[in-house]
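Engineer: Based on what follows, work out the 3D shape:
(one chain, ligands or ions: 1)
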Amino acid sequence: MADAPAPSTPTAPSSDTPPELLALRHQIDAVDRELLALLNKRASLALSVGSLKKKEGSVVFRPEREAQVIDGLKAINQGPLMTDTIAPIWREVMSACRALETPTRVAYLGPAGTFSEEAALGYFGSSLVRVMCASIDEVFRTTAAGAADFGVVPVENSTEGVVARSLDIFLTTPLFIIGETSLFVRHNLMRKDNALDGIEVVCAHPQALAQCHGWLSAHLPHAERRPVSSNAEGARLAAQDSRLAAIASVRASSEYGLHVISPAIQDDPHNRTRFAIVTDPHRHPAPKASGHDCTSLVVSVSNRPGAVHDMLVPLKKHGVSMTRFESRPARSGQWEYYFYIDLQGHPDEPQVQVALQELREACAYFKVLGTYPLDTH
Ligand SMILES: O=C(O)C(=O)C[C@]1(C(=O)O)C=C[C@@H](O)C=C1
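Structural biologist: Residues are numbered from 1 along each chain as shown. So this is what the prediction gives:
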């Protein structure tokens, strides 16, 4: 048997490599070595922070600190690196540093390849322990039971509106929100065979089927649309039966060995989904103010003329911006509603604190769902 080839250095020259390219690559190698040394220096510092936190009995993950690190670097970036690339790079760096301090167990809607997984990896970086769940309810339950440190749940889609199940569970869950992240959602039609002909059934999560309604009507008008628990589950099923196609992420197509037949079939090219990061307040304190924060509430008011207007007056009075106002039926049969409100700011800021106090007094029901740094993407 021939000897295995000796491990090559990154710049192992081949005879046709131009000398100018070779010289530049040598410089890149030198910079990479410096970067590696610096990253290890950073990791050692994070380990020291971890020991300190262990002594104090405090938590490792500090979303407000991570948001400040990213915001600070974005503010001083002079390029040529694009400012948009700063957040994903440093999320990965901090993810690796955090993992040295303690493992981060994150629950989300599985199986492998869901958009929820993509959101979890985008928010926490890839150094995490994946806890895949069969439903949104299970994500909440698993996190509340302590089998995961954090849960990632979809809350709203730019085409389809709210994810009703998540909003309904927020009413009763003991968990609270410590972060948010949003994702461009590109839906791709995929299948075992590399052709559109012969597709009898399209399997996907009901939200994805709805977001691709126009495309499916135009291109596969006779195919059955079969709702399944997640898009990745649809991909898993399509991998077993060539009559089935799935609508899922490119990640899911490679996970299940499917051909992407038609990419980006969502009706809205700017389709985005927003996810909330939830945790148990007994195990994790609310994030401190980062300077760019959001506070989420759910409230209800008595069913009388002007009640909703009166409830919102304190926000105007104290100059607090409302970035979201969503209603859901209270299911009392009385035409009563819960209102999901996002405010800009943190309760530690005096004007937010006083506005929240007055708003609380105007409401029949009032629950703070969480306060957290705005998405840094
Ligand atoms: O500053 C801290 O508290 C750290 O633990 C370090 C660090 C980082 O890598 O910068 C890691 C995890 C925390 O979520 C925040 C930041």
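Engineer: for the chain, what spans make up the helices?
Structural biologist: In the chain, the segments counted as helices under DSSP state H are 19-56, 63-76, 86-101, 115-124, 136-144, 164-172, 206-211, 213-219, 231-238, 250-256, 307-317, 350-361.
Engineer: which residues touch the residue nearest to Gln207 when sequence neighbours are not counted?
Structural biologist: Closest residue to Gln207 apart from its sequence neighbours, by C-beta to C-beta, 6 or more residues apart in numbering: Glu160 at 5.4 Å. Where you see a C-beta, it was placed from the backbone N, CA and C, and this is true even at glycine. The contact partners of Glu160, taken as C-beta atoms under 8 Å, 6 or more residues apart in numbering, are 207, 210-211.
Engineer: Would you mind confirming that Leu189 makes contact with Ala264?
Structural biologist: No. Using C-beta atoms under 8 Å as the test, Leu189 is too far from Ala264 to be in contact (9.6 Å).
Engineer: What about the contacts of Glu160, which one has the most neighbours?
Structural biologist: Highest neighbour count within the contacts of Glu160: Gln211, with 24 neighbours (other C-beta atoms under 10 Å).
Engineer: any idea how far it lies from the ligand?
Structural biologist: 33 Å (C-beta to the nearest ligand atom, to the nearest Å).
Engineer: Can you check the pLDDT for that residue?
Structural biologist: For Gln211, the pLDDT comes out at 92.
Engineer: how about it, what does it touch?
Structural biologist: 157, 159-160, 185, 187, 266-268, 271.
Engineer: And the buried ones among those, selectable in ChimeraX?
Structural biologist: In ChimeraX syntax, the buried subset of these is picked out as below (16 or more other C-beta atoms under 10 Å):
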select :157,159,160,185,187,266,271
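Engineer: what about Val59, how many residues close to it?
Structural biologist: Val59: 14 neighbours (other C-beta under 10 Å).
Engineer: residue contacts, the nearest residue to it once chain neighbours are set aside?
Structural biologist: Among residues not flanking Val59 along the chain, His284 sits closest, at 5.4 Å (C-beta to C-beta, 6+ apart). By C-beta under 8 Å, 6+ apart, the contact set of His284 is 59, 61, 149, 178.
Engineer: Same check on Glu156?
Structural biologist: So Glu156 contacts 162-163, 273-274, 326 (C-beta under 8 Å, 6+ apart).
Engineer: What's the ChimeraX line that selects buried ones from the contacts of His284?
Structural biologist: Only the buried entries of the contacts of His284 go into this ChimeraX selection, using 16+ other C-beta under 10 Å:
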select :61,149,178
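Engineer: before we move on, the earlier item: more neighbours: which of Leu189 and Ala264?
Structural biologist: Looking at Leu189 and Ala264 with other C-beta under 10 Å, you find the greater number of neighbours at Leu189, namely 27 against 14.
Engineer: what about that one, distance to His259?
Structural biologist: 9 Å (C-beta to C-beta, to the nearest Å).
Engineer: which parts of the chain sit against the ligand?
Structural biologist: 46, 49, 60-62, 65-66, 69, 94, 97-98, 101 (C-beta under 6 Å from any ligand atom).
Engineer: could the residues you listed go into JSON lines alongside pLDDT?
Structural biologist: Listed next are the residues of the chain next to the ligand as JSON lines, based on pLDDT from 0 to 100:
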{"residue": "Ala46", "pLDDT": "97"}
{"residue": "Val49", "pLDDT": "97"}
{"residue": "Val60", "pLDDT": "95"}
{"residue": "Phe61", "pLDDT": "96"}
{"residue": "Arg62", "pLDDT": "95"}
{"residue": "Arg65", "pLDDT": "95"}
{"residue": "Glu66", "pLDDT": "95"}
{"residue": "Val69", "pLDDT": "96"}
{"residue": "Met94", "pLDDT": "98"}
{"residue": "Cys97", "pLDDT": "98"}
{"residue": "Arg98", "pLDDT": "97"}
{"residue": "Glu101", "pLDDT": "95"}
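Engineer: Now, of those, which are buried?
Structural biologist: 46, 49, 60-62, 66, 69, 94, 97-98, 101.
Engineer: ok, those residues vs His318, which is closest?
Structural biologist: Arg62 (27.9 Å; C-beta to C-beta).
Engineer: Assess the claim that that closest one and Pro287 are in contact.
Structural biologist: Yes. Counting by C-beta under 8 Å, Arg62 touches Pro287, with 7.2 Å between them.
Engineer: Pull the distance from stretch 55-68 to the chain's centre.
Structural biologist: 19 Å (C-alpha atoms, centre = their mean, to the nearest Å).
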